[in-house]
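Engineer: just a sequence and a predicted model for now, questions to come.
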Amino acid sequence: MKGTIYGYVRVSTQEQNEARQLAAMRSFGVAEQNIIVEKLSGKDFNRPRYQRLTRTLRRSDVLVIKSIDRLGRNYTEILEQWAIITKEREAAIVVLDMPLLDTRQGRDLTSTLIADIVLQLLSYVAQTERENIRRRQAEGIAAAKDRGVRFGPLPRALPDHFDAARRAWRDGQITLRAAAELCGIPKSTFRDAAVRAEASSN
């Protein structure tokens, strides 16, 4: 029985661009209506669209992801989800950036062992990368506080174009003052919100 091919695309924040992942899904042959895009952190699997997708998966279906860190960034939970999809749901997984992680074909014992080792290694790297990002962000916040930067309470609602302004400021396209004025908030509030937004990503 031929199953359905689904693609799962994840970016951590609203302003991040999912174009490369989408292009990879289309190139693989995933139908547009079967590509699920989610804009949430990979720190855990409490993601509504991902949860709905896994409940949809049936035997002989295929789940395509660009790379392991798009699935998630928690070592233990990645391995648990992999087992749920391949063992409980009896669906296959294809990781486009790592051809060894393709469960569509039956494998001999050696191939299975190699795939398991690669999966564990990439899952470990995904979590380690997230922890390093969080550590660097914490160090940056601490250094800012040492310089006298004060992190006050954020406004209840930031303007819709805040992320675009933050990205432009981060990339050096506009000054902090200009970015804050675009959002109609003080410079210190904009900077605080930008740092917190970066810390919550990935």
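Structural biologist: Yep, it's here. Residues are numbered from 1 along each chain as shown.
Engineer: alpha carbons only for contacts and neighbour counts from here, please
Structural biologist: Fine.
Engineer: in this protein, which spans are strands?
Structural biologist: For the chain, applying DSSP state E gives strands covering 5-11, 35-39, 62-65, 92-95.
Engineer: domain assignment for the chain?
Structural biologist: Using automatic domain parsing, the domain ranges for the chain come out as 5-127, 150-200.
Engineer: mean pLDDT lowest where, among these?
Structural biologist: Sorting the domains of the chain by mean pLDDT places domain 150-200 lowest, at a mean of 77.
Engineer: quick revisit: Leu158 is nearest to which of the strands of the chain?
Structural biologist: strand 35-39 (17.8 Å; Cα to Cα).
Engineer: quick one: contacts for the closest residue to Arg70 other than its chain neighbours?
Structural biologist: Leaving aside its sequence neighbours, Arg70 sits nearest to Arg10 (Cα to Cα, 6 or more residues apart in numbering; 5.4 Å). Going by Cα atoms under 8 Å, 6 or more residues apart in numbering, Arg10 touches Glu18, Val37, Glu38, Lys39, Leu40, Arg70, Leu71.
Engineer: of these, just say which sits nearest to Lys87.
Structural biologist: Lys87 lies nearest to Leu71 out of the contacts of Arg10, by Cα to Cα, at 16.9 Å.
Engineer: the closest one is in contact with Leu79, isn't it?
Structural biologist: No: between Leu71 and Leu79 no contact is recorded; they are 10.5 Å apart, counting by Cα atoms under 8 Å.
Engineer: those two - which one has more neighbours?
Structural biologist: Per other Cα atoms under 10 Å, whichever of Leu71 and Leu79 has more neighbours is Leu71, with 26 against 16.
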